[in-house]
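1. Sequence and predicted model, in that order:
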Amino acid sequence: MRWALVRVCLAVTAMVVIAFAVPLGLVVQEMARDRAFTNAERQAAAIGPALTVTTERSALEKALAATGSGARGRIGVHVPGAGAQGDDVRVGTLRSAPRDQEAARRNGRTTRAGVPGGWALLQPVLLGSGAVAVVEAFVPAAEATRGVTAAWLALAGVGAALVVGSVAVADRLGTRLVGPARRLAAAAHELGGGRLGTRVPEEGPVELRSAAVAFNAMAGQVVRLLENERELAADLSHRLRTPLTVLRLNAASLGGGPAADQTRSAVEQLERAVDAIIRTARETRPAAGPAAAGAGCDASEVIRERMAFWSALAEDEGRAARTAGVDRPVHVPVARSELTAALDALLGNVFRHTPEGTAFAVDVHRADEAVIVLVSDAGHGIADPQAALARGNSGAQDGSTGLGLDIARRVAESTGGDVRVGPSVLGGAEIRVRLCLHGAGGGRETGRGHRRSMRSRRRARRRHLWRSPN
């Protein structure tokens, strides 16, 4: 915008300078020529009185020498038939052609004729004898253009000064316009990045001031809406504490046994999750981005723990559960609670959306830049994977909020990874969660060959796993 304004002012000023300077320069050039011819005409008129008195050569030579132009050889006189034998008398320097002199004599008025080095001013003079003499005054070309070059240089200097001044003014005006616009754009980026306290000064032109006022009002409204949502989430989560307390008391009365221990563990985990929701809702920071350096957990340990938790329900429903790749530590840049929530959401979908007796498996692959967690089942699969990944798409089903896959997607995207849905080697659906180890990848694989090799290794490992005896 700033440079566009400068270019516009430069073009307009240049056109104005050309429109005024060129005609003015031409007028100066014409005035210099008129001045030179007027001076020559005055010098020629000074010879007229002498011609009316005498046409003798000696007298005319003295009259020519008395003038400055005559002394420099710029004036000549042609008197027809004034000689002793009736021949023409020619005094001084004559540069014009005889036909030009004859034409001036016939016309009876001053004329101009081009000669080498300039022009000849031919002025007819009527003598007492009735003859017409011609006085010629020479006007050099340099005399006709004297001062024109200086005038053109002066006009060019004035035009250049006007152009430079207009560019400077336009640049200053552009800076005044662009500055508030840049600050407004920077504030919008900061607000989008989560700095909710960002505001812009209300300055600049009227339009930009109005935009700044609207931006500040919008930012304030966003802050108020987020505060209301946090308070609402905290309030709703706080209301869950009462039924959780009843569940905890009832679980305490179950006595001993694996089922009772698992129930008490589930209630404690649910209480911790509610407390985490309340703390998160009370915080004023924006949504968490990628995990900080050094943060994370052991994915293998989390998977073993969650599979142990779900194994009791899987045994009750007759489901075969397998794990692979969890025999060695696999560190991922995700908080333990976040990875636990994602795994519980994916495994809960398996139990919720597949018939009893459907087998499932959790597989972990460690690559150079990412860790891939595969949750697959032998159910009916997912007909529309893209729709399944849409937030809240399955919420119309009973007992579903439609946020299971979205929880896993947000965990993966916090590291720069992604979640994909496709068919599994077991015959059902496969949820592929890719967790980037260094925030790399941007949600895409590093290469087609790498994808093919990972897919082939995964299928071979799954076939070996499911063909092995229980």
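-> Alright, I've got the coordinates. Numbers count the residues shown, from 1 in each chain.

2. CA only for contacts and neighbour counts going forward, please
-> OK.

3. Tell me where this structure has strands.
-> Applying DSSP state E to the chain gives strands spanning 75-79, 89-92, 111-115, 118-126, 132-140, 297-298, 321-324, 331-332, 360-366, 370-377, 418-423, 429-436.

4. Dump those strands to a markdown table, plus distance to Asn39.
-> Listed next are the strands of the chain as a markdown table, based on distance: least, C-alpha to C-alpha, whole Å:
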| stretch | distance to Asn39 |
| --- | --- |
| strand 75-79 | 12 |
| strand 89-92 | 18 |
| strand 111-115 | 14 |
| strand 118-126 | 10 |
| strand 132-140 | 9 |
| strand 297-298 | 104 |
| strand 321-324 | 113 |
| strand 331-332 | 100 |
| strand 360-366 | 103 |
| strand 370-377 | 97 |
| strand 418-423 | 94 |
| strand 429-436 | 94 |
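
5. so which of the ones you listed comes closest to Lys62?
-> strand 89-92 (10.2 Å; C-alpha to C-alpha).

6. Give the other helices and strands that the closest one contacts.
-> helix 57-66, strand 75-79 (3 or more C-alpha pairs under 8 Å, 6 or more residues apart in numbering; DSSP states H and E).

7. so how far is Val350 from the closest residue to Glu356 other than its chain neighbours?
-> Setting aside the residues directly before and after it, Glu356 is nearest to Glu317 in space (C-alpha to C-alpha, 6 or more residues apart in numbering), at 5.2 Å. From Glu317 across to Val350, the span is 12 Å (C-alpha to C-alpha, to the nearest Å).

8. With Glu268 instead?
-> 23 Å.

9. which ones are touching Glu430?
-> Counting by C-alpha atoms under 8 Å, 6 or more residues apart in numbering, Glu430 touches 374-377, 381, 421-424.

10. so how far is stretch 407-423 off the chain centroid?
-> In terms of C-alpha atoms, centre = their mean, to the nearest Å, the centre of stretch 407-423 is found 31 Å from the chain centre.

11. OK, contacts around Ala46?
-> Counting by C-alpha under 8 Å, 6+ apart, Ala46 touches Thr67.

12. picking up where we left off before, could you export the strands of the chain as a markdown table, including distance to Ala188 and mean pLDDT?
-> Converted to a markdown table, the strands of the chain look like this (distance: least, C-alpha to C-alpha, whole Å; pLDDT from 0 to 100):
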| stretch | distance to Ala188 | mean pLDDT |
| --- | --- | --- |
| strand 75-79 | 84 | 84 |
| strand 89-92 | 89 | 81 |
| strand 111-115 | 75 | 87 |
| strand 118-126 | 73 | 87 |
| strand 132-140 | 73 | 86 |
| strand 297-298 | 35 | 90 |
| strand 321-324 | 46 | 92 |
| strand 331-332 | 33 | 91 |
| strand 360-366 | 39 | 93 |
| strand 370-377 | 33 | 93 |
| strand 418-423 | 27 | 91 |
| strand 429-436 | 29 | 92 |
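
13. if we can go back for a sec, between Glu317 and Val350, which one's more packed in?
-> Val350 (22 against 14; other C-alpha atoms under 10 Å).

14. Hmm, that one is touching His380, no?
-> No. Counting by C-alpha atoms under 8 Å, Val350 sits too far from His380 to count as a contact (10.7 Å).

15. Overlap in contacts, the two.
-> With C-alpha under 8 Å, 6+ apart as the test, Val350 and His380 reach no residue in common.

16. What count of nearby residues applies to Pro98?
-> By other C-alpha under 10 Å, neighbour count at Pro98 equals 11.

17. picking up where we left off before, could you dump the contacts of Glu430 to JSON lines with neighbour count?
-> Formatted as JSON lines, the contacts of Glu430 follow (neighbours: other C-alpha atoms under 10 Å):
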{"residue": "Leu374", "neighbour count": "24"}
{"residue": "Val375", "neighbour count": "22"}
{"residue": "Ser376", "neighbour count": "28"}
{"residue": "Asp377", "neighbour count": "27"}
{"residue": "Gly381", "neighbour count": "20"}
{"residue": "Val421", "neighbour count": "21"}
{"residue": "Gly422", "neighbour count": "17"}
{"residue": "Pro423", "neighbour count": "18"}
{"residue": "Ser424", "neighbour count": "20"}
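
18. which pair in those residues spans the largest distance?
-> Leu374 and Gly381 (14.3 Å).

19. burial count for Glu268?
-> Other residues lying near Glu268 total 16 when counted by other C-alpha under 10 Å.

20. Could I get the buried residue list for stretch 107-126?
-> Across stretch 107-126, burial judged by 16 or more other C-alpha atoms under 10 Å covers 110-113, 119-125.

21. So which of those residues is the closest to Val28?
-> In terms of C-alpha to C-alpha, no member of the buried residues of stretch 107-126 lies closer to Val28 than Trp119, at 18.8 Å.

22. For the closest residue to the closest one other than its chain neighbours, which residues are in contact?
-> Computed as C-alpha to C-alpha, 6+ apart, the closest residue to Trp119 that is not its neighbour in sequence is Val139, at 5.2 Å. Counting by C-alpha under 8 Å, 6+ apart, Val139 touches 36-37, 40, 74, 118-121.

23. If we use 7 Å, what do you get?
-> In this structure, Val139 makes contact with 36-37, 40, 118-120, judged by C-alpha atoms under 7 Å, 6 or more residues apart in numbering.

24. Would you point to the one among the helices and strands packed on strand 89-92 that's packed deepest?
-> strand 75-79 (a mean of 25; mean count of other C-alpha atoms under 10 Å).

25. Need the residues that contact that one.
-> Contact with strand 75-79 is made by 69, 88-94, 133-138, as judged by C-alpha under 7 Å, 6+ apart.

26. Direction included, what does that strand pair against?
-> Strand 75-79 has the following strand partners under DSSP bridges: strand 89-92 (antiparallel), strand 132-140 (antiparallel).

27. Now distance to Ser300 too, for these, in CSV please.
-> Putting the strands paired with strand 75-79 into CSV (distance: least, C-alpha to C-alpha, whole Å) gives the following:
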stretch, distance to Ser300
strand 89-92, 121
strand 132-140, 105
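
28. Leu153 is nearest to which of the ones you listed?
-> Nearest to Leu153, of the strands paired with strand 75-79 and by C-alpha to C-alpha, is strand 132-140 at 22.3 Å.

29. so that closest one versus strand 111-115, what angle?
-> Strand 132-140 runs at 50 degrees relative to strand 111-115, counting by axes from the mean of the first three to the mean of the last three C-alpha atoms, to 10 degrees.

30. Pull out the buried positions in strand 132-140.
-> By neighbour count with 16+ other C-alpha under 10 Å, strand 132-140 contains the buried residues 132-140.

31. Flag the shaky bits of the stretch 101-250 of the chain, pLDDT-wise.
-> Within the stretch 101-250 of the chain, the ranges that satisfy pLDDT under 70 run 233-242, 244-246, 249.

32. contacting residues for Val326?
-> 300, 364.

33. which residues touch the residue lying closest to Ser311 once chain neighbours are set aside?
-> Spatial nearest neighbour of Ser311, excluding adjacent residues (C-alpha to C-alpha, 6+ apart): Ala321 at 7.3 Å. For Ala321, the residues meeting the contact criterion (C-alpha under 7 Å, 6+ apart) are 359-361.
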